[in-house]
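1. 3D, please:
(chains A, B and C)
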Amino acid sequence: MNLKFILEDLKIDVDLCDDIELDINITGLNTLQDAKPFEISFLENKKYLSQLKVSVAGAIFVTEEFKNDVPEGSIALVVKEPYIYLAKASKYFAPKILEETGAEPKLGFNCTIMPNTHLGFNTIIGDNCIIMHGAYIGDNVTLGDNTIIHPNVTIYRDCTIGNDCMIHSGTVIGSDGFGFATTKLGVHIKIYQNGNVKIGDKVEIGANCTIDRAAFSSTIIQDMVRIDNLVHIAHNCIIGKGSILVTQTGLSGSTTLGEYVVMAGQSGTTGHLEIAPFTTISARGVVSKSITEPKKQWAGFPLMEHRSWLKLQGRITKLLKG
Amino acid sequence: MNLKFILEDLKIDVDLCDDIELDINITGLNTLQDAKPFEISFLENKKYLSQLKVSVAGAIFVTEEFKNDVPEGSIALVVKEPYIYLAKASKYFAPKILEETGAEPKLGFNCTIMPNTHLGFNTIIGDNCIIMHGAYIGDNVTLGDNTIIHPNVTIYRDCTIGNDCMIHSGTVIGSDGFGFATTKLGVHIKIYQNGNVKIGDKVEIGANCTIDRAAFSSTIIQDMVRIDNLVHIAHNCIIGKGSILVTQTGLSGSTTLGEYVVMAGQSGTTGHLEIAPFTTISARGVVSKSITEPKKQWAGFPLMEHRSWLKLQGRITKLLKG
Amino acid sequence: MNLKFILEDLKIDVDLCDDIELDINITGLNTLQDAKPFEISFLENKKYLSQLKVSVAGAIFVTEEFKNDVPEGSIALVVKEPYIYLAKASKYFAPKILEETGAEPKLGFNCTIMPNTHLGFNTIIGDNCIIMHGAYIGDNVTLGDNTIIHPNVTIYRDCTIGNDCMIHSGTVIGSDGFGFATTKLGVHIKIYQNGNVKIGDKVEIGANCTIDRAAFSSTIIQDMVRIDNLVHIAHNCIIGKGSILVTQTGLSGSTTLGEYVVMAGQSGTTGHLEIAPFTTISARGVVSKSITEPKKQWAGFPLMEHRSWLKLQGRITKLLKG
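-> This is a model prediction of the structure:
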């Protein structure tokens, strides 16, 4: 998408030096950290200022205040509300709901594709896969070998699933992350979710789970992860190898789990945080800050060490008697 | 349905004055407040007595005790357990699971209807809609313009969805509300859910949500509401314009949210209550009483102001050390 | 499956007396309590030692330590990690994802089977059933009379559903229980879920629920149970007659509810426990120990009597003021 067109369409005046070339092709949006020279990024929250200063994004939405922090080589797109403009710009990079043309699905050896399924354009299915009744495999989806997709699963376009995976019925992979910017007048502007979901090998996902596609880049489920039923994984989460997510757990956006993390039943996270490897979160625990020390067990909301939580219960019993 | 027939079928003796005409047509059931002259209502809970006295329902199930409070013009249907009889009567007004005849679906311009979908009788689909693989659009459903129904969505009969909506995969709209009356012997008698769901314009609903149809009248989602994944909205809820419901939130029956309410992740309500406009309920908060003052933030269960909840956490820390 | 083959395939040396016959047919795996003479069982946790001593299982995985507690008539299969070997052995008894041959579906009188449905081999459907668009009825499934399966429901193979049931859209019955054994190196070995789900008569299940099949034997939903939306029932649960499970409740594995238990919204259990008849668990309550006394109401997490929970709230209010 041509940058000049975007700016004109969004009615953004760029304070141009003569040598800035706006007639360039932009391929998408991304975070300050991950944006490449042909992507647009944004600074909404001052705490990412250090990332702004070293970003190699081609252009960056910023407020007047931070205009001069935009590094040389990036074009400062000065606006009053960078996040609103990010949302507005996201639409230009949204893939179509359905491709109109493309290659026919490519199937490996010995696959069983039941009737009443849909395989989109450019899908690639590995050997020995079973795709059951009602399943929807969107455009450009890739499945590895020996993967079983149970009935009525939906996999949105552009997602990838590895070898030896099993996805149980009703699970939805790649639906839009819950992203929007709200104007001062209360209008919610959708941030089109232009990323995808990447699932590794030997992953088993239970029934009626939801794993959202990333806003930019990918939501990632690494190898050997086990997910129970009715679990929610928001956009841009990264689930470390071998992690276990028990029923009705909900991870908010950009939660990163290290290897072998256990999230027990009905637990949750508030998003934009990291959990160290081998951490266990007890049932109903809510993680609202990053956990940096590995191998500990936590519980409660607010979260505390599991032993403190047990101690607290003793104190509460005492309080009740007192 | 003929009232005389219903009463005979349910073996209800009506204490008849000569001038009461039972040979009338009843069109449905409703609350005391909303019932019209050709509907039946009921008084189960004394706290609605004032509504009884001004109801214009055609007939009302009441116990002997409140017989004389039934206003002139309404027929008192005196029974021992009004709620049980309401449940029994609900069956007479239940729409069929599937219509046997009706008009063919009417499609607007430029619609994409994928294979393996079902469009029921009398459905009306606006312009530029996309209805994807596996979706079920029940009888008499209306969709506005530019609305996208993702794969494997189910919309039960009689529901309406506005313009510019997006419904993500696996979401179920219009399933039966969780309504039944339990006899003293423990038999659960289904209250047929004879209402529907009405969704406004520019509403986006995530994956694997459930929005139940109303027992009477409508469950309502107003314009510009945003709903994340795995959210439950029970029968007869009203979700105010621009409200935001984050993942795994559950609203019990007859919850009314004002405009721009935010329910954060895994929050809930106990039903039959109202939440004032611009209220924020923090993650995991449970609302069990109406909130009348707008623009405040609440947390916890039992619910308290968010700042009190923060203070409580400090006290708990102290308790743990003490 | 031949026992000798299994042991050779798993590389297990059995300390054989001359008179032990390994060339026998094993039909499946089971718990110590329920295993029959042609099934294999296991002892992982010392607390089941008394069950070991009276088990009639044909063969039992045990550690060296408990070898001599294996009763006469059972073959001791001595291994370092019995649970790991149970997991490894489960694969031999896993039914195929899809049968390749079998009898055509047998339909009762007056059934409506909509297009885009799948009925597997050997399915038996009673009279007056309605199976709606997108539903998947797996191999060997039996439905009673007058049962309604709403759109996009999935019923995995081998499950049975009684008379007069209603299953709402998106619900998944018979998906795999969340069972695996983790090796010291962190590899999760799937315990194939070789049981099924048995649902009684007059059961109504809401939308987008998940009811997992048993690891061995059956997950059981007794007559007249009412289940709201988005409820999770794990493998090997038994839900007593007339029980009520409100939205977003999650039951962990091997939870047994007595008759007429009420689990209010967003409540849960930690599994391997029993709840006495007529118990009420308030909204958000978590049951982590068996409840033996019937007819009481409980709340909170950790669970306490409901009146204590109310009292606790008073104390907390005081704490906040103090």
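
2. Please look at residue A:215 and residue A:178 and confirm they touch.
-> No - applying C-beta atoms under 8 Å as the test, residue A:215 and residue A:178 come out as separate, 9.8 Å apart. From N, CA and C alone the C-beta is placed, and that goes for glycine too.

3. and stretch A:257-275, what's its mean pLDDT?
-> Averaged across stretch A:257-275, pLDDT comes to 97.

4. how about that stretch: buried residues?
-> For stretch A:257-275, the buried set under the neighbour-count rule, 16 or more other C-beta atoms under 10 Å in any protein chain shown, comprises A:257-271, A:273-275.

5. and it, does that touch chain C?
-> Yes - on the criterion C-beta under 8 Å from any C-beta of the partner chain, stretch A:257-275 is in touch with chain C at A:259-260, A:265-266.

6. returning to that earlier point: what touches both of residue A:215 and residue A:178?
-> Common neighbours of residue A:215 and residue A:178 are listed as A:235, A:253 (criterion: C-beta atoms under 8 Å, 6 or more residues apart in numbering or on different chains).

7. Pull up the distance across stretch A:238-257, start to finish.
-> End-to-end distance for stretch A:238-257: 6 Å, by C-alpha to C-alpha, to the nearest Å.

8. how about the CA coordinates for stretch A:167-182, as CSV?
-> Output of stretch A:167-182 as CSV, limited to C-alpha atoms (Å, rounded to 0.1, in the frame of the first residue of the first chain):
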residue,chain,number,x,y,z
ILE,A,167,-7.6,-30.1,17.6
HIS,A,168,-10.9,-31.0,19.2
SER,A,169,-14.3,-30.0,18.1
GLY,A,170,-15.7,-26.4,18.2
THR,A,171,-12.3,-24.9,18.7
VAL,A,172,-11.6,-21.7,16.8
ILE,A,173,-8.1,-20.8,15.7
GLY,A,174,-7.2,-17.4,14.2
SER,A,175,-10.3,-15.4,15.0
ASP,A,176,-9.7,-11.7,15.4
GLY,A,177,-8.0,-10.5,18.5
PHE,A,178,-10.0,-8.1,20.6
GLY,A,179,-8.4,-4.9,19.4
PHE,A,180,-9.9,-1.5,18.8
ALA,A,181,-9.2,2.2,19.6
THR,A,182,-11.9,4.3,21.1
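
9. is that stretch up against chain B anywhere?
-> Yes - applying C-beta under 8 Å from any C-beta, one finds stretch A:167-182 touching chain B at A:170-172, A:175-176, A:178, A:180.

10. Then stretch A:130-140?
-> Yes - looking at stretch A:130-140 against chain B by C-beta under 8 Å from any C-beta, the contacts come from A:134, A:136.

11. tell me the mean pLDDT for that stretch?
-> On average, stretch A:130-140 scores 98.

12. Just the C-alpha atoms of that stretch, please, in CSV.
-> Output of stretch A:130-140 as CSV, limited to C-alpha atoms (Å, rounded to 0.1, in the frame of the first residue of the first chain):
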residue,chain,number,x,y,z
ILE,A,130,-7.8,-36.4,9.2
ILE,A,131,-10.1,-33.4,8.6
MET,A,132,-13.5,-34.1,10.0
HIS,A,133,-17.1,-33.1,9.2
GLY,A,134,-17.8,-29.4,9.3
ALA,A,135,-14.2,-28.2,9.7
TYR,A,136,-13.2,-25.0,8.0
ILE,A,137,-9.6,-24.7,6.9
GLY,A,138,-9.2,-21.1,5.6
ASP,A,139,-7.1,-19.8,2.8
ASN,A,140,-3.3,-20.3,3.0
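
13. Now do the SS call for residue A:52.
-> helix (DSSP: H, G, I helix; E, B strand; the rest coil).

14. Could you report the pLDDT at the closest residue to it other than its chain neighbours?
-> Of all residues not flanking residue A:52 in the chain, residue A:43 sits nearest, at 4.8 Å (C-beta to C-beta, 6 or more residues apart in numbering or on different chains). We note a pLDDT of 96 for residue A:43 in this prediction.

15. how much space is there between residue A:43 and residue A:70?
-> 8 Å (C-beta to C-beta, to the nearest Å).

16. what's the overlap in contacts for those two?
-> A:52, A:60, A:62.

17. Specify which member of these is nearest to chain C.
-> residue A:52 (39.0 Å; C-beta to the nearest C-beta).

18. Show me what from the stretch 151-300 of chain A comes close to chain C.
-> A:151-152, A:166, A:168-170, A:202, A:204, A:206-208, A:224, A:226, A:228-230, A:242, A:244, A:246-248, A:259-260, A:265-266, A:283-284.

19. Which of those residues fall in strands?
-> Among these, the residues falling in strands (DSSP state E) are A:166, A:204, A:226, A:244.

20. Closest one to chain C out of those, please.
-> residue A:226 (5.5 Å).

21. burial measure for residue A:149, as a count.
-> 29 (other C-beta atoms under 10 Å in any protein chain shown).

22. cool, residue A:307 as well?
-> Residue A:307: 12 neighbours (other C-beta under 10 Å).

23. Confirm that it sits in a strand.
-> No - read with three-state DSSP, residue A:307 is helix and lies in no strand.

24. List the residues that contact it.
-> So residue A:307 contacts residue A:297 (C-beta under 8 Å, 6+ apart).

25. which of the residues of the stretch 151-300 of chain A next to chain C count as buried?
-> The neighbour-count criterion (16+ other C-beta under 10 Å) marks A:151-152, A:166, A:168-170, A:202, A:204, A:206-208, A:224, A:226, A:228-230, A:242, A:244, A:246-248, A:259-260, A:265-266, A:283-284 among those as buried.

26. Residue A:43 and residue A:70: who's more crowded?
-> Using other C-beta under 10 Å as the criterion, residue A:43 and residue A:70 rank with residue A:43 on top: 26 against 22.

27. What distance do you get for that one to residue A:178?
-> 22 Å.

28. swap in residue A:89?
-> Residue A:89 is 19 Å from residue A:178, by C-beta to C-beta.

29. cool, residue A:47 as well?
-> Using C-beta to C-beta, residue A:47 is found at 22 Å from residue A:178.

30. so where do the helices sit in the stretch 201-322 of chain A?
-> In order along the chain, the stretch 201-322 of chain A carries the following helices (DSSP state H, counting those that start in this stretch): A:306-321.

31. what about it, any weak spots by pLDDT?
-> A:322 (pLDDT under 70).

32. which one of the residues of stretch A:257-275 next to chain C is nearest residue A:34?
-> Distance to residue A:34, by C-beta to C-beta, is smallest for residue A:259 among the residues of stretch A:257-275 next to chain C, at 21.9 Å.

33. By proximity to chain B, which residue of the stretch 201-322 of chain A wins?
-> For the stretch 201-322 of chain A and chain B, the shortest gap (C-beta to the nearest C-beta) falls at residue A:210, measuring 3.9 Å.

34. Name all residues that make contact with that residue.
-> Applying C-beta under 8 Å, 6+ apart, the residues near residue A:210 are A:171-172, A:175, A:231-233, B:170, B:206-208, B:229-230, B:247.
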